[in-house]
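Novice: the following block contains a protein sequence and its predicted model.
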Amino acid sequence: MEVLFDFLAVGAFGNFTLGNLMMLLVGGLFIYLAIAKDYEPLLLVPIGFGILVGNVPFSDGMKIGIYEEGSVFSILYQGVTNGWYPPLIFLGIGAMTDFSCMLSNPRLVMLGAAAQAGIFLTFMGALFLGFEVNHAAAIGIIGGADGPTAIFLASQLAPEYLGAIAIAAYSYMALVPVIQPPIIKLLTTKQERLIRMKPSKPVSKRLRIMFPIIAFLLAAMVAPGAITLLGMLFFGNLLKESGVTERLAKTARNSMIDIITILLGLCVGISTDASRFLTPESLKIFVLGAGAFAVATASGVLFAKLMNVFQKDKINPIIGAAGVSAVPDSARVCQMVGAKEDPQNFLIMHAMAPNVAGVIGSAVAAGVFLSRLVN
C-alpha cells in the first residue's frame with residue numbers, strides 16, 4: 001500500500017487541482033470549437049490538445065514538463081521562447097500570399113493601417129491597468145489579431161506573459177466569424193453593405209517581383225525591429241513571385257508551415273499550466289485582447305466610411321474589418337457578411353487588400369515597439 005500511495009503521489013491524483021480541471025475544460029472547449037464549429041482547426045486542435053497535455057499534473061523532477069530544463073517539451077518550447085517559430089510562420093505566409101489585390105488598389109492599404117489603432121489603444125489600456133511598458137507593448141499586439149507576431153514580441157518583451165498573450169491572440173483569431181459580423185452590422189447601414197466595388201486591375205509580374213524587395217527595404221528602414229518578421233515574409237513572397245524557385249515556395253507554404261504550426265500550437269497549449277496561467281494578470285490580458293480586437297475591427301470599418309466622404313468611387317465599408325491580420329479569415333467574414341445582403345456581391349478579393357496590409361502593419365507596429373523598448 002505504501003508503494004501504491006507513493007506511486008499515486010507523483011502522478012495526477014496526488015497533484016490535481018481545481019485549476020487543472022478548469023484548464024482541461026478549456027482545452028476540451030478549444031477542440032470542440034475546432035471540430036464542431038470549424039473555428040481555425042489548424043490552430044485550435046494543436047493548442048487545445050496541448051492544454052490537455054500541459055495540465056495533467058505530476059511531481060517536479062520527472063523531466064517531462066515544459067518548464068523543466070532538459071525535457072523534450074522544454075526543448076521544443078525554445079522555438080517559442082526564443083522566437084524561432086514566428087519568423088518561419090511568416091516565411092510560409094509570404095510564400096502563399098498574393099499582394100496583387102493590394103497593389104491594384106493601393107488606397108485600401110489605409111484600411112489595414114487604420115485597423116492597427118487597436119494595437120496602440122490596447123497598449124495605453126494595459127499601461128492604465130498597471131502593466132509595465134514592455135508588457136503593455138506585447139499585450140497591445142493582440143489587437144492586430146496576428147498570433148505569430150504576438151508570440152514573437154512577447155518572447156522578447158514579456159516572456160512571463162507569453163502563454164496568456166499567445167492563447168489570447170489565437171483565441172480571438174479563431175473567433176473572427178463570431179466577433180466581427182455584429183460589429184460590422186452595428187457600424188454600417190444596409191445601403192453601405194450593398195456597395196459594389198469595381199473589379200481589381202491586373203498587376204504586372206515585374207511589379208509583383210519588385211514589391212517584396214522595395215517594401216522590405218522601406219519597412220526595415222522605418223522600423224528595424226521588424227526586420228526578422230518582414231524579412232521572412234517578403235523573402236517567402238519573392239520565392240513565390242520570382243517564378244524560378246517554385247520548389248522552395250511550395251515547401252515554405254506547405255510542409256514547413258504545417259510542421260511549425262503543429263509545434264507552435266502544441267507548445268503554446270502545453271505552456272498553459274494552471275499554476276502559471278490562471279492569474280489576475282492573465283484575466284486582464286484576455287479582457288484587453290477582446291477590447292483590442294473589437295477596436296481594430298471598428299477602426300477599419302469607420303475609416304472606410306470616412307474615406308467614402310471624400311471620394312466618388314465608394315468603398316464597401318465591410319472590407320474595413322479585414323484590416324486585422326487574421327489572414328484570410330477576416331476577408332472570408334467580409335465576403336460572408338456582404339453575401340448575406342447581396343449574393344452577387346463578391347468582396348473577398350477587395351477584402352484581401354487590407355487583410356494582407358494588416359499583416360505588414362502589425363509587424364511594423366511590433367518592430368516599432370521592439371526598436372524603442374528592447375534593452
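Specialist: Received it, and whenever you're ready, just let me know what you need. On a predicted model such as this, the values are computed, not experimentally measured, just so you know.
Novice: how many neighbours does residue 191 have?
Specialist: By the criterion of other Cβ atoms under 10 Å, residue 191 has 8 neighbours. Glycine gets a C-beta too; all of them are placed from N, C-alpha and C.
Novice: so which helix or strand takes in it?
Specialist: helix 190-193 (DSSP states H and E).
Novice: what does that helix rub up against?
Specialist: Residues from elsewhere that reach helix 190-193, judged by Cβ atoms under 8 Å, 6 or more residues apart in numbering: 184, 185, 305, 308, 316, 317, 318, 337, 338, 341, 342.
Novice: convert stretch 157-166 to CSV, retaining C-alpha atoms only.
Specialist: This file holds the C-alpha atoms of stretch 157-166, laid out as CSV (Å, rounded to 0.1, in the frame of the first residue of the first chain):
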residue,chain,number,x,y,z
LEU,A,157,9.4,41.9,-24.2
ALA,A,158,7.1,39.9,-21.9
PRO,A,159,8.3,36.3,-21.6
GLU,A,160,6.4,35.9,-18.2
TYR,A,161,3.1,36.5,-20.0
LEU,A,162,3.9,34.6,-23.2
GLY,A,163,1.4,31.8,-22.6
ALA,A,164,-1.5,34.2,-21.8
ILE,A,165,-0.7,36.5,-24.8
ALA,A,166,-0.4,33.6,-27.2
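Novice: list the buried residues in it.
Specialist: 157, 158, 159, 161, 162, 163, 164, 165, 166 (16 or more other Cβ atoms under 10 Å).
Novice: okay, those residues in CSV with pLDDT and secondary structure next?
Specialist: Converted to CSV, the buried residues of stretch 157-166 look like this (pLDDT from 0 to 100; DSSP: H, G, I helix; E, B strand; the rest coil):
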residue, pLDDT, secondary structure
157, 91, helix
158, 89, coil
159, 88, helix
161, 89, helix
162, 88, helix
163, 85, helix
164, 88, helix
165, 90, helix
166, 87, helix
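Novice: widest-spaced pair of those residues?
Specialist: Greatest spacing in the buried residues of stretch 157-166, by Cβ to Cβ: 157 and 163 (14.5 Å).
Novice: moving C-terminal of the helix holding residue 191, what's the next helix or strand?
Specialist: helix 205-222.
Novice: quick one: list the elements packing against that following helix.
Specialist: Packing contacts for helix 205-222, counted by 3 or more Cβ pairs under 8 Å, 6 or more residues apart in numbering; DSSP states H and E, involve helix 100-103, helix 227-242, helix 348-373.
Novice: off-centre distance for that helix?
Specialist: Taking the mean of its C-alpha atoms, helix 205-222 sits 23 Å from the chain's own mean (Cα atoms, centre = their mean, to the nearest Å).
Novice: what are the buried residues along it?
Specialist: Applying 16+ other Cβ under 10 Å to helix 205-222 flags 208, 211, 212, 215, 216, 219, 220 as buried.
Novice: likewise stretch 101-119?
Specialist: By neighbour count on 16+ other Cβ under 10 Å, the buried set for stretch 101-119 is 101-105, 108-119.
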